[in-house]
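1. Here is the input, now give the coordinates:
(one chain, ligands or ions: 2)
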Amino acid sequence: MSKLFRAVIMGPPGSGKGTISERIAHSFGLKHLSSGDFVRENISAKTEAGVLAMTYIKKGLLVPDHVMTRLLLPRLVEMTKYSWLLDGFPRTLAQAKALNSACDLDIAINLNIPLETLKERLRHRWIHPASGRVYNMCFNPPRVQGIDDITGEPLIQQEDDRPEALVARLRHYKDVAKPVIDFYKAKGILYTYSDTETDQIWPNICTLLSTRIPTIQSDARCASTP
Ligand SMILES: Nc1ncnc2c1ncn2[C@@H]1O[C@H](COP(=O)(O)OP(=O)(O)OP(=O)(O)O)[C@@H](O)[C@H]1O
Ligand SMILES: Nc1nc2c(ncn2[C@H]2C[C@H](O)[C@@H](COP(=O)(O)OP(=O)(O)O)O2)c(=O)[nH]1
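-> Ligands and ions are numbered 1, 2, ... in the order given. The predicted structure follows:
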């Protein structure tokens, strides 16, 4: 069996973590683990951590580190046989350290996207709240405007995605992410990508992963759209 591959993807809200994670999972057969999805699953299942997490999310806050690690690390233990890409975790240095004690990462992908681009993207972001499925009215619109492709249920726009809210979210992101970025830089596993378009970033990430994940055979998958 080839060596398992473990990666995290970081970036501010709207930077394309979810979009790029889906492409990586699809092209390289990694499991895409989204911390937001784990939180939503725990909320739906009314687990102790989920009920606690909900009290913070309602206020627009990050879930505290100890709740988040309690919710997430056991899920990683279930994944010991799989290669995975973790999206949305770690967001803080404490989370990065907890993850570091649980497993060895191969790479940390860091998306560095200009503020104006983020604002523009999130203005057009629509979400299916139950599943966390994300659409963009320009980039990847649903088949029917305002309706989720899979369930037929209505899509919503998050209050948090308004340009006014975004500036504060971004400032907060920068403050908490900087020590995490420095942590991975010091470990020599940080790969930062800066551009305004996912389709420009994707071939570079794909090329990097092709050299690191032995099972990939063809670089045809690294075209701008997978
Ligand atoms: N690593 C984490 N640490 C703390 N809270 C988290 C973490 N991951 C998810 N959450 C909580 O779950 C919520 C939903 O997470 P999710 O990543 O889906 O959405 P988001 O915050 O809108 O992120 P983005 O805009 O970057 O996609 C977050 O707003 C936050 O409250
Ligand atoms: N116009 C445009 N929109 C993009 C691009 N890449 C992703 N998007 C869209 C999809 C989403 O609606 C929004 C944010 O992307 P996302 O993958 O949800 O980001 P993230 O919050 O998980 O980091 O932007 C892109 O390259 N161009």
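
2. Excluding sequence neighbours, find me the nearest residue to residue 9.
-> The shortest distance from residue 9 to any non-neighbouring residue, by CB to CB, 6 or more residues apart in numbering, is to residue 109 (4.5 Å). In this view, the C-beta of every residue, glycine as well, is placed from N, C-alpha and C.

3. What's opposite the one you found in the beta bridge?
-> residue 9, residue 191 (DSSP bridges).

4. Quick check, it in contact with residue 7.
-> Yes. Counting by CB atoms under 8 Å, residue 109 touches residue 7, with 6.4 Å between them.

5. where do the helices sit along this structure?
-> Ranges of helices in the chain, per DSSP state H, are 17-28, 35-44, 48-58, 65-77, 93-102, 115-123, 163-187, 198-212.

6. residues near the residue nearest to residue 9, how many?
-> 25 (other CB atoms under 10 Å).

7. can you tell me which residues contact it?
-> 7-10, 20, 191, 193, 205 (CB atoms under 8 Å, 6 or more residues apart in numbering).

8. What separation is there between the residue in the chain that ligand 1 sits nearest to and residue 71?
-> In the chain, no residue comes nearer to ligand 1 than residue 36, which is 2.0 Å away by CB to the nearest ligand atom. From residue 36 across to residue 71, the span is 11 Å (CB to CB, to the nearest Å).

9. So for the two, which residue has more residues nearby?
-> Per other CB under 10 Å, whichever of residue 36 and residue 71 has more neighbours is residue 71, with 22 against 15.

10. distance between stretch 119-131 and the chain's centre?
-> 14 Å (CA atoms, centre = their mean, to the nearest Å).

11. before we move on, what about stretch 195-215?
-> 16 Å.

12. And ligand 2, is that stretch touching that?
-> Yes. For stretch 195-215, a contact with ligand 2 is found by CB under 6 Å from any ligand atom, at 197-199.

13. May I see the buried residues of that stretch?
-> 195, 198, 201-203, 205-206, 208-210, 213 (16 or more other CB atoms under 10 Å).

14. average model confidence for that stretch?
-> Taken as a whole, stretch 195-215 has a mean pLDDT of 90.

15. Take that stretch, keep the C-alpha atoms, and write them as PDB.
-> Listed in PDB are the C-alpha atoms of stretch 195-215, where the atom choice follows Å, rounded to 0.1, in the frame of the first residue of the first chain:
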ATOM      1  CA  ASP A 195      -4.000  34.700  -7.200                       C
ATOM      2  CA  THR A 196      -7.500  36.100  -7.900                       C
ATOM      3  CA  GLU A 197      -8.700  32.900  -9.600                       C
ATOM      4  CA  THR A 198      -9.100  29.400  -8.400                       C
ATOM      5  CA  ASP A 199      -8.500  28.200 -12.000                       C
ATOM      6  CA  GLN A 200      -5.000  29.800 -11.900                       C
ATOM      7  CA  ILE A 201      -4.100  28.300  -8.600                       C
ATOM      8  CA  TRP A 202      -5.400  24.900  -9.200                       C
ATOM      9  CA  PRO A 203      -2.800  23.700 -11.800                       C
ATOM     10  CA  ASN A 204       0.000  24.700  -9.400                       C
ATOM     11  CA  ILE A 205      -1.500  22.800  -6.500                       C
ATOM     12  CA  CYS A 206      -2.200  19.900  -8.800                       C
ATOM     13  CA  THR A 207       1.400  19.800 -10.000                       C
ATOM     14  CA  LEU A 208       2.700  19.900  -6.400                       C
ATOM     15  CA  LEU A 209       0.400  17.000  -5.400                       C
ATOM     16  CA  SER A 210       1.300  15.000  -8.400                       C
ATOM     17  CA  THR A 211       4.900  14.900  -7.200                       C
ATOM     18  CA  ARG A 212       3.800  14.000  -3.600                       C
ATOM     19  CA  ILE A 213       1.100  11.500  -4.100                       C
ATOM     20  CA  PRO A 214       2.500   8.500  -5.900                       C
ATOM     21  CA  THR A 215      -0.800   7.100  -7.200                       C
END
